[in-house]
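Student: Below is the sequence, then the predicted model.
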Amino acid sequence: MRLDKLLGNNGFGTRKDVKQLIRKGTVKVNGTTEKDPGAHIDPETDTVTLLGEPVIHQEFIYLMMNKPQGVISATEDSRDRTVVDLLSPEEQRYEPFPVGRLDKDTEGLLVLTNDGKLAHELLSPKKDVPKTYFAVIDGLVTETDIHAFSEGVILEDGFHTKPGILKILEAGDRSEIELTITEGKFHQVKRMFEAVGKRVVFLKRLSMGTLRLDASLEPGAFRPLSDAELAELDPRKKG
Ligand code: URA
């Protein structure tokens with residue numbers, strides 16, 4: 001990696017700023033002053049300091065966001081604001097992307113990272129990662145629905161879903177439920193309720209694998225995953 005890129009990527013200013021810092025002789029690589037911004041270094045093995053302070057290289061970023069309604073789960077879009085637009089330039093520098101998609105009108109837990117392997121761990125259909133949603137349903141949700149979901153339902157295109165665990169929190173003309181599923185087909189929760197003749201009017205994701213949405217995050221807010229959350233979520237990061 002170029003020396004100016006390492007400093008730029010780790011919060012020491014714009015590429016122009018860091019070039020100046022390097023040319024002024026403030027940066028050392030393995031104890032020797034390096035004045036060439038284009039010098040190649042290995043962030044894993046070389047020790048880089050700026051005015052004597054070590055430059056710590058962070059390759060990956062892991063964020064938990066409470067996705068608000070009205071923004072789309074993508075990195076860029078010509079019409080709508082995206083979840084990446086909600087981040088500051090500081091985080092955007094790492095080029096994070098959302099792990100999976102929530103609909104524009106769905107709120108809740110979304111992980112943003114630039115770690116493709118973690119994304120694969122969470123999204124691969126083979127891994128059966130459970131995702132739990134809270135939903136408000138237009139209509140009375142009943143024991144019959146719990147039973148139907150426990151066997152998997154047939155969507156309008158003929159797809160037979162895997163079993164889902166449905167919990168009724170409040171039953172009425174408008175019902176409140178929690179649903180845990182291990183698949184992530186397009187509009188899956190909405191389509192599962194359509195399969196039993198009901199309509200989702202509000203949807204929020206509460207958890208994904210071991211990760212639960214931090215209840216203190218307002219819609220649109222985000223924070224880094226803690227080391228413990230990351231270790232739980234990604235078997236590769238354990239011990
Ligand atoms: N199921 C849906 O229908 N929408 C989402 O955003 C997520 C799951």
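Tutor: Perfect, I can see it now.
Student: can you list the domain ranges for this protein.
Tutor: 3-54, 62-125+211-237, 130-208 (automatic domain parsing).
Student: Redo the ones you listed as JSON lines? Include mean pLDDT.
Tutor: What follows is those, written out as JSON lines (pLDDT from 0 to 100):
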{"stretch": "domain 3-54", "mean pLDDT": "94"}
{"stretch": "domain 62-125+211-237", "mean pLDDT": "95"}
{"stretch": "domain 130-208", "mean pLDDT": "97"}
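Student: Make JSON lines out of those domains and add mean neighbour count.
Tutor: Where C-beta positions appear, they are placed from N, C-alpha and C, glycine not excepted. Shown next, in JSON lines, are the domains of the chain (neighbours: other Cβ atoms under 10 Å):
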{"stretch": "domain 3-54", "mean neighbour count": "15"}
{"stretch": "domain 62-125+211-237", "mean neighbour count": "16"}
{"stretch": "domain 130-208", "mean neighbour count": "17"}
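Student: For the ones you listed, give me CSV that also has distance to the ligand.
Tutor: Shown next, in CSV, are these (distance: least, Cβ to the nearest ligand atom, whole Å):
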stretch, distance to the ligand
domain 3-54, 32
domain 62-125+211-237, 3
domain 130-208, 3
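Student: which residues touch the spatially closest residue to residue 165 that is not a sequence neighbour?
Tutor: Counting by Cβ to Cβ, 6 or more residues apart in numbering, residue 165 lies nearest to residue 180, which is 4.4 Å off, once chain neighbours are set aside. Applying Cβ atoms under 8 Å, 6 or more residues apart in numbering, we find residue 180 in contact with 130, 131, 132, 133, 164, 165.
Student: The longest strand along the chain: how far from the chain's middle?
Tutor: In the chain, assigned by DSSP state E, the strand with the most residues is strand 199-208. Centre-to-centre, strand 199-208 and its host chain are 16 Å apart (Cα atoms, centre = their mean, to the nearest Å).
Student: What are the neighbouring residues in contact with residue 188?
Tutor: With contacts defined as Cβ under 8 Å, 6+ apart, residue 188 is in contact with 161, 181.
Student: Could I get the full set of helices for this structure?
Tutor: Taking DSSP state H, the helices of the chain run over residues 3-9, 15-23, 89-92, 116-123, 143-151, 188-195, 227-233.
Student: Return the alpha-carbon coordinates of the fifth one using PDB.
Tutor: Output in PDB follows, covering the C-alpha atoms of helix 143-151 (Å, rounded to 0.1, in the frame of the first residue of the first chain):
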ATOM      1  CA  GLU A 143     -52.700 -20.000  16.000                       C
ATOM      2  CA  THR A 144     -53.500 -21.200  12.400                       C
ATOM      3  CA  ASP A 145     -50.900 -18.800  11.100                       C
ATOM      4  CA  ILE A 146     -48.300 -20.000  13.700                       C
ATOM      5  CA  HIS A 147     -48.900 -23.500  12.500                       C
ATOM      6  CA  ALA A 148     -48.700 -22.600   8.800                       C
ATOM      7  CA  PHE A 149     -45.500 -20.600   9.300                       C
ATOM      8  CA  SER A 150     -44.000 -23.500  11.300                       C
ATOM      9  CA  GLU A 151     -44.300 -25.700   8.200                       C
END
